[in-house]
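Student: sequence and predicted structure below; questions after.
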Amino acid sequence: MIYAAVYTLVMATAYVLINCELGSEEAIIKQLKSLDGVKEVHGTFGAYDILAKIESPTVEALRETITWKIRKIEKIRSTLTLMGIEGQS
């Protein structure tokens, strides 16, 4: 018998809730979709304007994406990051 090892790459995942300036939602969504690691982007109703799902190979890479790419987008006022817990999906 031949056995093959199957490895699953576990990605670090975060959901970022974003508040932005009124009327800037569509432009920000477009910018978010162009970033590496951004898997999903949705406009929302309620306390936050946009929800983005981010995946990276490491937590450090995830932090870099959020801190230096997402939070630097013009007209984003604030963010709230929810980190996924490995094994609880």
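Tutor: Good, I have the coordinates. Residues are numbered from 1 along each chain as shown.
Student: C-alpha from now on. contacts and neighbour counts both.
Tutor: OK.
Student: phi first, then psi, for Ile85.
Tutor: Note on Ile85: backbone dihedrals following degrees, to the nearest 10 are phi -100, psi 120.
Student: show me where the protein has helices.
Tutor: Using DSSP state H, the helices of the chain run over 25-33, 59-64.
Student: need these in a markdown table (columns: distance to Thr79).
Tutor: Converted to a markdown table, the helices of the chain look like this (distance: least, CA to CA, whole Å):
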| stretch | distance to Thr79 |
| --- | --- |
| helix 25-33 | 13 |
| helix 59-64 | 13 |
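Student: select, out of these, the one closest to Gly43.
Tutor: Among those, helix 25-33 comes nearest to Gly43, with 7.3 Å by CA to CA.
Student: from the chain's centre, how far out does the closest one sit?
Tutor: 12 Å (CA atoms, centre = their mean, to the nearest Å).
Student: likewise for stretch 45-54?
Tutor: 10 Å.
Student: can you list contacts of that stretch?
Tutor: 13-20, 25, 29, 32, 37-44, 62 (CA atoms under 8 Å, 6 or more residues apart in numbering).
Student: buried subset of those, written for PyMOL?
Tutor: Here is the PyMOL command that selects the buried residues among these (16 or more other CA atoms under 10 Å):
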select buried, resi 13+14+15+16+17+18+19+20+25+29+32+37+38+41+62
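Student: which of the contacts of stretch 45-54 fall within strands?
Tutor: Among the contacts of stretch 45-54, DSSP state E puts 13-20, 38-43 in strands.
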